[in-house]
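*Asks:* build me a model from this:
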Amino acid sequence: MRHDSTEYVKRCDHCQRYKPVSNLPTEIYHPQNSQWPFMQWAIDIVGPMPTAHAKKEMMIVATDYFTKWIEAEALSSTKEADVERFIWRNIICRFGCPQSLVTDNSLQFIGKQITAFFKKYGIKQHLSTPRYPQGNGQAEASNKIILDCLKKRLEGAEGKWVDELPGVLWAYRTTKRRSTGETPFSLAYGTEAIIPPHVTVPYIGIEVGSIEQNSEQMRLNLNLLKASARRPLSESPPINSG
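*Replies:* Residues are numbered from 1 along each chain as shown. Below you'll find the predicted structure:
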């Protein structure tokens, strides 16, 4: 299956036409430390894009450094209120308050309103170097991936990119990343997502599991928890010092 997929991509006209080609020399990898999922996010504004319905021609993209999970949303304006609304709905309400955010020096990221918002939720802000996109490399890499995927899907119909954006994000989240060796979905939720091919092709996670076995295992785990809670500390088994 992997060989067939590789050969298919090699013959795909869109994949070859919009394949990213790096013109920069290779350098030593400089990793960004993120100690737990959704601790640090990189946020950037992408645009202008082809005008879609509701005059949406901008896109805001946020990437978690740990899981590589991407959140993106089409916008008709990029004011401080729009950025604040995006962070509240797509990051805080879904994954909790992050410790820090990496942004550029655009006005919508450093204004009084958004600065007060960061202070309210204890979010530290790290600003990248002006006129140096590599300073926010994680955001730039995510932007490139999304734009390349949209180009492959929308040749000749660029105005429909808003409708295709959720599908692009879903494909990204369920594909293994080279930097982690895992899918963003599995790192975020601890299990792989059931994607459409798993519905038609036998998948061990669906074939082996059953509702009866799952219910029995849940009852057993609950009984063990109750028994452990009732047992006094004096009855705890001795610690083997050897």
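
*Asks:* separation between the most centrally placed residue in the chain and residue 168?
*Replies:* Nearest to the geometric centre of the chain sits residue 69, at 1.2 Å (Cα atoms, centre = their mean). As defined by Cβ to Cβ, to the nearest Å, residue 69 lies at a distance of 14 Å from residue 168. Glycine gets a C-beta too; all of them are placed from N, C-alpha and C.

*Asks:* where does this structure have low pLDDT?
*Replies:* Where the chain drops to pLDDT under 70, the residues are 13-34, 129-136, 155-159, 198-199, 201-210, 228-242.

*Asks:* so is residue 137 in a helix, a strand, or just coil?
*Replies:* helix (DSSP: H, G, I helix; E, B strand; the rest coil).

*Asks:* burial count for it?
*Replies:* 15 (other Cβ atoms under 10 Å).

*Asks:* so what's it up against?
*Replies:* Not one residue lies near residue 137 by Cβ atoms under 8 Å, 6 or more residues apart in numbering.

*Asks:* change the start of the numbering to 324 and stick with it
*Replies:* Okay, using 324 as the starting number, the last item reads as residue 460.

*Asks:* could you measure from it over to residue 468?
*Replies:* 13 Å.

*Asks:* and if you look at residue 379?
*Replies:* Here residue 379 is placed at a distance of 20 Å from residue 468 (Cβ to Cβ).

*Asks:* what's the answer for residue 376, then?
*Replies:* Taking Cβ to Cβ, one finds residue 376 at 24 Å from residue 468.

*Asks:* quick one, which of the two is more surrounded?
*Replies:* Between residue 376 and residue 468, counting by other Cβ under 10 Å, residue 468 is the more crowded of the two (19 against 11).

*Asks:* chain neighbours aside, what residue packs nearest to the more buried one?
*Replies:* residue 495 (6.5 Å; Cβ to Cβ, 6 or more residues apart in numbering).

*Asks:* name the element that neighbour belongs to?
*Replies:* helix 484-496 (DSSP states H and E).

*Asks:* what are the buried residues along that helix?
*Replies:* Neighbour-count burial for helix 484-496, counted by 16 or more other Cβ atoms under 10 Å, picks out 484, 485, 487, 488, 491, 492, 495, 496.

*Asks:* other SSEs contacting it?
*Replies:* Other elements packing on helix 484-496 under the criterion 3 or more Cβ pairs under 8 Å, 6 or more residues apart in numbering; DSSP states H and E are strand 393-398, helix 460-476, helix 507-512.

*Asks:* the last one - contacts with which helices or strands?
*Replies:* Counting by 3+ Cβ pairs under 8 Å, 6+ apart, the packing neighbours recorded for helix 507-512 are helix 484-496.

*Asks:* now the helix it packs on - C-alpha only, PDB.
*Replies:* Coordinates of the C-alpha atoms in helix 484-496 are reproduced here as PDB (Å, rounded to 0.1, in the frame of the first residue of the first chain):
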ATOM      1  CA  TRP A 484     -10.500  27.700  -0.200                       C
ATOM      2  CA  VAL A 485     -12.700  28.400   2.900                       C
ATOM      3  CA  ASP A 486     -14.800  25.300   2.200                       C
ATOM      4  CA  GLU A 487     -11.700  23.200   1.700                       C
ATOM      5  CA  LEU A 488      -9.800  24.400   4.800                       C
ATOM      6  CA  PRO A 489     -11.400  21.900   7.300                       C
ATOM      7  CA  GLY A 490     -10.500  19.000   5.000                       C
ATOM      8  CA  VAL A 491      -6.900  20.200   4.700                       C
ATOM      9  CA  LEU A 492      -6.600  20.500   8.500                       C
ATOM     10  CA  TRP A 493      -8.100  17.000   9.000                       C
ATOM     11  CA  ALA A 494      -5.700  15.500   6.500                       C
ATOM     12  CA  TYR A 495      -2.800  17.200   8.200                       C
ATOM     13  CA  ARG A 496      -3.900  16.200  11.700                       C
END
